[in-house]
Every structure is written in C-alpha cells, then in structure tokens.
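A.B. asks: Sequence and predicted model, in that order:
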Amino acid sequence: MDPAYGATNVTTVVFVGMSVWTIVSRVRGRPDANWPLFFYLGVVMYHQGLPGRLHPYLVFSGVISTLLLRFEFMGGPMLKLMKVVDIGLLALIGYSFATSVFL
C-alpha cells in the first residue's frame with residue numbers, strides 16, 4: 001500500500017483532510033458558514049480537472065445540500081435532516097477521495 005507521490009495524489013489527500021475538517025466544522029459550527037461553499041468550489045474544480053474520479057451526482061448533490069443549508073430555507077427538524085444529509089455527502093466524498101488514492 002505504497003501510493004505514488006504525484007501531484008494529483010497529493011492534492012487528493014489534501015482534499016481528504018479538507019473534507020474531514022469540513023465535517024467537523026459542520027457539526028460544531030453554524031449552518032450558514034461560507035467555508036463549505038469554498039470546499040465544494042474546490043471539489044467542483046477538481047472534478048472538472050480530473051473527470052471520472054468522483055461521481056457527478058455525488059458532487060452536485062453535495063453542492064445543492066450546502067446551498068440549502070447556507071441560505072436557510074428551513075428550520076427545526078428539516079434543518080437537522082439537511083445537516084445530516086450534508087454530513088453524509090461530505091463523508092462519501094471524503095471516502096471517494098481516499099479510495100482513489102489508497103486503493
């Protein structure tokens with residue numbers, strides 16, 4: 001299990017760390033934070049630069065869930081449900097990044 005240290009693999013490992021950091025900030029922080037939007041901007045640019053590494057439905061459903069949380073169209077139980085969905089999508093994106101490097 002010795003990954004090659006190319007530029008794309010190093011970038012992918014950085015995105016694994018950023019996805020973990022974004023999950024932690026989603027759990028601890030406010031739902032209207034801007035940092036997850038910047039993370040997804042980087043994920044979309046990564047997806048456009050290296051097509052085929054991430055599933056497009058996973059990326060763009062994460063963008064939509066983050067936008068719904070950011071602009072707070074809902075409150076109460078619906079907000080908690082969208083937060084769980086967003087954290088789940090972030091975890092799946094982090095897992096996809098990790099498997100593309102380490103497996």
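C.D. replies: Now that the structure is in, tell me what you want to look at.

A.B. asks: Could you use CA atoms for every contact and neighbour count after this?
C.D. replies: OK.

A.B. asks: hey, which helix is longest across this structure?
C.D. replies: helix 77-102 (DSSP state H).

A.B. asks: Give the buried residues for that one.
C.D. replies: Across helix 77-102, burial judged by 16 or more other C-alpha atoms under 10 Å covers 79, 82-83, 85-87, 89-94, 96-98, 101.

A.B. asks: Same check on stretch 31-49?
C.D. replies: Those would be Pro31, Asp32, Pro36, Leu37, Phe39, Tyr40, Val43, Val44, Tyr46, His47, for stretch 31-49 by 16+ other C-alpha under 10 Å.

A.B. asks: same question for it, mean pLDDT?
C.D. replies: Averaging pLDDT along stretch 31-49 yields 92.

A.B. asks: what sits up against it?
C.D. replies: The contact list for stretch 31-49, computed with C-alpha atoms under 8 Å, 6 or more residues apart in numbering, reads 15, 18-19, 22, 53-54, 56, 59, 62-63, 66-67, 69-72, 83.

A.B. asks: Using CSV, write out the CA atom coordinates for it.
C.D. replies: Provided in CSV are the C-alpha atoms of stretch 31-49 (Å, rounded to 0.1, in the frame of the first residue of the first chain):
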residue,chain,number,x,y,z
PRO,A,31,-25.2,26.1,9.2
ASP,A,32,-24.7,29.4,7.3
ALA,A,33,-20.9,29.3,7.2
ASN,A,34,-19.2,30.0,4.0
TRP,A,35,-16.3,27.6,4.2
PRO,A,36,-18.2,24.5,3.0
LEU,A,37,-19.0,26.5,-0.2
PHE,A,38,-15.3,27.2,-0.8
PHE,A,39,-14.7,23.5,-0.2
TYR,A,40,-17.3,22.5,-2.8
LEU,A,41,-15.9,25.1,-5.2
GLY,A,42,-12.6,23.2,-4.9
VAL,A,43,-14.3,19.9,-5.3
VAL,A,44,-16.1,21.0,-8.5
MET,A,45,-12.8,22.3,-9.9
TYR,A,46,-11.1,19.0,-9.0
HIS,A,47,-14.0,17.1,-10.6
GLN,A,48,-13.7,19.2,-13.8
GLY,A,49,-10.0,18.8,-13.9
